[in-house]
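J.: what follows is a predicted protein model with its sequence.
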Amino acid sequence: MIYLNGKFMPIEKATISVLDRGFIFGDGVYEVIPVYSRKPFRLEHHLLRLQHSLDGIRLNNPYDNEHWHNLLEQIIDNNKGEDQYIYLHITRGVAKREHAFPENTAPTVFIMSSPLPEPPQKLLEQGVTAVTANDNRWIRCDIKAISLLPNVLLRQLATDVQAAETILLRDGFLTEGSSSSIFVVKDGLLLAPPKSHLMLPGITYDVVLDLAEENNIPYKVREISEIELRVADEILLTSSTREITAITRLDDQPVGCGKPGARYSQLQKLYQHYKRTVMRNELS
Ligand code: PDD
C-alpha cells in the first residue's frame with residue numbers, strides 16, 4: 001500500500017504524469033526513514049532534514065508535521081514487517097516542460113514502505129568492501145535531492161567490482177559514501193568529516209556521534225585526508241538502511257587487520273541497544 005497525492009492505493013495502481021517535474025528534471029527531494037517495531041526512528045530529525053531539503057530547492061512543505069506523522073502511521077500500519085524503511089518523495093509537480101518554476105502547481109507527494117531486512121550474519125562478521133572515487137557531484141550535497149545520477153554512477157563503480165560502497169574524495173579529503181556517511185578510526189579515535197554543503201547531514205551519523213559522546217568514546221569532527229582514510233585502523237559506513245557496517249577492504253587492500261574492529265563492535269552493540277531502548281520508550 002502506498003500513498004500518492006492524497007490517496008492510499010496498491011503500488012500497481014499508482015501512476016504519475018510523464019510531465020511530472022520529478023520525471024523530467026529530477027526536480028524534487030526525498031527522505032528514507034527507518035522503522036523499528038513499527039515506529040519511525042528519529043522521525044523529528046528526518047522531518048527537519050526534509051524541511052532543509054525543501055528550503056534548498058524553494059518548494060513549500062505540502063504538510064505540517066502532524067499530517068506527516070499521520071500519513072506515516074497509516075503507511076506503516078498498511079505494510080508488512082515490524083521493521084521497515086519508508087521512502088518519501090516530493091516533486092514540484094506536473095507542468096508544461098519549462099525550466100523555471102511553474103506557478104500554482106501542486107507538488108507530487110509519494111510515500112512507500114518496504115520491509116527492512118536483518119543484515120546477513122556474514123556481513124556482521126566480515127564487513128564489506130569499498131572502492132574510492134573522485135567526488136564529482138554538485139556542491140549542494142546537503143540537499144537530499146532525487147536527482148541522484150552522480151550517486152548512481154559512483155555506486156556502480158563499486159558494484160562493477162562486487163564492492164558494497166564507493167567512498168568519495170573531494171580535493172584530497174573524505175566527504176561521504178555514494179549513499180552513506182563514512183567514519184574513520186585511528187588508534188581508537190573516531191573521526192567524522194564535518195557537516196557542510198559537500199555531504200548529506202546523515203541522521204545515523206548523528207546517532208553515532210551521540211553514542212560516542214554519551215559513552216566516552218574519543219571522537220573528533222574534522223576534515224579527514226585521503227592518506228588518513230588509507231591508513232585507518234577501521235572504516236565505518238552508516239545509513240538508515242544499512243545502520244552501522246564495517247568496511248574491511250578498501251581498493252583491494254585490507255583495512256587494519258581486514259576484520260570488523262573493536263570500535264565497530266562497540267558502536268554496533270550501542271546502536272542496537274539504543275534502537276531498542278528508543279522503541280520501548282516510544283520516543284522517535
Ligand atoms: N541514503 N549520504 C548519502 C549520499 C546518502 O544517500 C545517505 C542515505 C547517507 C546517510 O544518511 P542517513 O543516515 O540519514 O540515512 C549519507 C539513503 C538511505 C538512500 O538514499 O537510500
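T.: Yep, it's here.
J.: so what pairs up with residue 129 in the strands?
T.: residue 249 (DSSP bridges).
J.: just give the nearest non-adjacent residue to the residue nearest to the spatial centre of the chain, would you?
T.: Residue closest to the mean C-alpha point of the chain, counted by Cα atoms, centre = their mean, is residue 239 at 4.6 Å. Of all residues not flanking residue 239 in the chain, residue 180 sits nearest, at 4.2 Å (Cβ to Cβ, 6 or more residues apart in numbering). (Each C-beta comes from the backbone N, C-alpha and C, glycine too.)
J.: show the model's pLDDT score for that neighbour.
T.: Residue 180 carries a pLDDT value of 98.
J.: what do you get for residue 278?
T.: Value for residue 278, per-residue pLDDT: 84.
J.: tell me how far it lies from residue 162.
T.: Going from residue 278 to residue 162 by Cβ to Cβ, to the nearest Å gives 35 Å.
J.: and the two? which has more neighbours close in?
T.: Neighbour totals were compared for residue 278 and residue 162, and residue 278 leads with 17 against 7 (other Cβ atoms under 10 Å).
J.: quick check: that one vs residue 164, distance?
T.: 26 Å.
J.: got it, and residue 16?
T.: Taking Cβ to Cβ as the measure, residue 16 and residue 164 are separated by 31 Å.
J.: more crowded one of the two?
T.: residue 164 (20 against 15).
J.: ok, that one - contacts?
T.: 128, 129, 130, 158, 237, 245, 247 (Cβ atoms under 8 Å, 6 or more residues apart in numbering).
J.: check which residues of stretch 179-195 are buried.
T.: In terms of neighbour count (16 or more other Cβ atoms under 10 Å), stretch 179-195 has its buried residues at 179, 180, 181, 182, 183, 184, 185, 186, 190, 191, 192, 193.
J.: am I right that the first one is in contact with residue 237?
T.: Spelled out, that is residue 179. No. Counting by Cβ atoms under 8 Å, residue 179 does not reach residue 237; the two are 9.3 Å apart.
J.: joint contacts of the two?
T.: residue 165.
J.: show me which residues of the stretch 151-284 of the chain sit near the ligand.
T.: Contacts of the stretch 151-284 of the chain with the ligand, taken as Cβ under 6 Å from any ligand atom, map to 151, 176, 179-181, 200, 202-205, 238-241.
J.: among those, name the ones in helices.
T.: Per DSSP state H, helices hold the following members of those: 151, 203, 204, 205.
J.: which residues touch the closest residue to the first one other than its chain neighbours?
T.: Translated: residue 151. Leaving aside its sequence neighbours, residue 151 sits nearest to residue 178 (Cβ to Cβ, 6+ apart; 4.8 Å). By Cβ under 8 Å, 6+ apart, the residues touching residue 178 are 151, 152, 154, 155, 158, 165, 166, 168.
J.: tell me how far the nearest residue to residue 39 once chain neighbours are set aside lies from the ligand.
T.: Nearest residue to residue 39, sequence neighbours excluded (Cβ to Cβ, 6+ apart): residue 279, at 5.6 Å. Residue 279 sits 17 Å away from the ligand, taking Cβ to the nearest ligand atom, to the nearest Å as the criterion.
J.: could you do residue 281 as well?
T.: Distance from residue 281 to the ligand, by Cβ to the nearest ligand atom: 21 Å.
J.: count of neighbours near that residue?
T.: Residue 281, neighbours per other Cβ under 10 Å, totals 8.
J.: now do residue 232
T.: 22.
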